[in-house]
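>>> Sequence first, predicted model second:
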Amino acid sequence: MNDRDQEIYKEAMEIFINWPRTEIIFGNDKIKDTGLYASKYGRNALIVIGQGSVKKTGSLDLLTASLDESDIDYKIFEGVEPNPSKETIDSIAEFYNKGEFDVTIALGGGSAMDAAKAALILTTLDADDLTKFFGVGKASEKLDRISPCICIPTTSGTSSEITRYSNVTMSNLGVKKLISDVSMHPHYAIVDPKLTISCPKSLTVTVGLDTLTHSMEGYLNTVQDEGNDDINARALMSIELVFRWLKVAVEEPKNEDARRMMSVASVLGGTVIGGEQFKGTGGPHMNSFSWADTIAHGNSTGIMLPYYIVYYGKNPKVQEKLEPIADMLGAAKDEDIGRNVAKKMLVWYESMGFPTRLADMPGWKDEYIDKAIQDAGQNAMKLKAMPNPVPLEQVDEILRPILEAAKNGDVSLIK
């Protein structure tokens with residue numbers, strides 16, 4: 001770590017210590033202290049995990065050992081799938097209601113954490129229809145906070161451990177819907193960078209680009225700029241760390257500095273998009289919601305980000321904001337700065353073995369472009385959050401060239 005890394009790390013720790021709503025516990029081996037935090041709420045815990053990876057890596061054993069040491073009984077709900085479905089969230093709520101739990105602990109990637117948070121809306125409110133809470137602030141009309149929740153990420157990317165979001169897949173529609181609500185902020189986020197060392201290369205890239213998209217989209221969001229200079233500063237720190245450390249984490253998976261700094265970047269990204277005061281994401285996330293059943297979230301947001309930057313770069317305010325990003329990448333700072341930055345990003349992607357065009361994504365079908373355009377209206381908040389907001393009646397006209405450019409890997413198609 002160089003002097004600049006040390007400076008960012010020190011500043012980030014100050015931000016984490018003083019972060020409202022969610023208490024952030026950051027550092028290697030902190031998972032071993034989970035029992036101490038869980039015991040503040042009682043002696044019975046529900047653990048929510050995915051489809052078994054935390055068993056293989058030993059993360060679950062570390063968690064249960066800590067709970068055993070604090071004399072906390074626990075039961076495990078296993079099987080949360082990537083892009084968790086409404087049906088799975090309903091099942092978690094049903095499992096919770098059949099027991100007597102004082103605290104819920106979500107261990108894993110964003111899917112396990114998102115699912116647990118959404119389920120706790122249902123259990124805390126004694127509700128049975130999750131769809132009533134899709135959108136912004138629907139749950140907090142009735143409650144201040146979900147019941148005690150501890151989130152422990154095993155990847156560096158989703159930031160769900162500190163955010164106000166849960167992404168829910170509606171299987172019948174083949175699209176994700178968003179719950180955005182301050183009531184879902186977890187009580188504790190235990191961020192242990194050592195848990196991410198077991199992440200394979202493909203997952204490391206995917207979640208790292210998810211972090212980049214959170215921070216870049218939040219930073220470039222000019223619609224919510226007023227009064228949010230602190231958010232923009234955190235976003236730039238996160239972006240800088242991703243550009244410097246993601247490739248190192250990919251090439252040297254056991255490099256603890258790389259894993260630590262990517263965890264810092266991820267949490268900083270969460271403070272950009274998911275606090276009480278936040279800046280929203282736009283196009284890449286909107287497309288990800290449409291492709292929930294076909295392309296992993298981080299893959300779809302990551303691959304779309306450079307192409308949306310070209311579109312965003314038409315905005316003079318964005319051109320100015322892109323200057324420090326151009327400096328990080330060595331891109332020319334002229335009237336075509338958006339395209340220049342996008343090209344440098346795509347070269348960086350290629351150096352990590354990440355696809356630079358949609359056509360190279362496993363399972364890609366050209367019909368997904370039409371689906372993304374058709375589904376855009378279901379996430380109108382994303383259209384409004386873009387630096388160049390997209391009116392519903394112009395979705396096809398504006399978005400199709402961006403999507404076609406991403407399919408072909410040709411930024412020149414975006415005029």
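Good, I have the coordinates. Residues are numbered from 1 along each chain as shown.

>>> residues in contact with the closest residue to Lys32 other than its chain neighbours?
In space, and not counting its chain neighbours, Lys32 is closest to Ser66: 5.2 Å by CB to CB, 6 or more residues apart in numbering. Just so you know, the C-beta spots here come from the backbone N, C-alpha and C atoms, and that holds for glycine as well. Residues in contact with Ser66 (CB atoms under 8 Å, 6 or more residues apart in numbering) are Ile31, Lys32, Asp33, Thr34, Gly35, Leu36.

>>> so how far is Pro153 from Ser66?
16 Å (CB to CB, to the nearest Å).

>>> for Ser198, same thing?
With CB to CB as the criterion, Ser198 and Pro153 are 13 Å apart.

>>> Give me the more crowded residue out of the two.
Pro153 (30 against 17; other CB atoms under 10 Å).

>>> What's the separation between the more buried one and Ala292?
Distance check for Pro153 against Ala292: by CB to CB, it reads 20 Å.

>>> the strands in the stretch 101-250 of the chain, which residues?
For the stretch 101-250 of the chain, strands defined by DSSP state E, counting those that start in this stretch occupy the ranges 103-108, 135-136, 149-153, 165-170, 175-180, 188-191.

>>> Run through the neighbouring helices and strands of the fourth one.
I take that to be strand 165-170. If contacts are counted by 3 or more CB pairs under 8 Å, 6 or more residues apart in numbering; DSSP states H and E, strand 165-170 sits against helix 86-98, helix 110-125, strand 175-180.

>>> and the angle for it with helix 86-98?
110 degrees (axes from the mean of the first three to the mean of the last three CA atoms, to 10 degrees).

>>> For strand 165-170, give me every contacting residue.
By CB under 8 Å, 6+ apart, strand 165-170 touches 83-86, 89, 110, 114-115, 117-118, 130, 134, 160, 175-180, 184, 273-274, 289, 292-293, 297.

>>> now those residues: which count as buried?
For the contacts of strand 165-170, a burial check counting by 16 or more other CB atoms under 10 Å picks out 83-86, 89, 110, 114-115, 117-118, 130, 134, 160, 175-180, 184, 273-274, 289, 292, 297.

>>> picking that back up, mutual contacts of Ser198 and Pro153, please.
Shared contacts of Ser198 and Pro153, defined by CB under 8 Å, 6+ apart, are absent.

>>> just to revisit the earlier point, can you lay out the strands of the stretch 101-250 of the chain as CSV showing mean pLDDT?
As requested, the strands of the stretch 101-250 of the chain are arranged in CSV below (pLDDT from 0 to 100):
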stretch, mean pLDDT
strand 103-108, 98
strand 135-136, 88
strand 149-153, 98
strand 165-170, 90
strand 175-180, 85
strand 188-191, 98
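
>>> Make a markdown table from these and add distance to Ala233 to it.
As requested, the strands of the stretch 101-250 of the chain are exported to a markdown table (distance: least, CB to CB, whole Å):
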| stretch | distance to Ala233 |
| --- | --- |
| strand 103-108 | 29 |
| strand 135-136 | 25 |
| strand 149-153 | 23 |
| strand 165-170 | 22 |
| strand 175-180 | 23 |
| strand 188-191 | 20 |
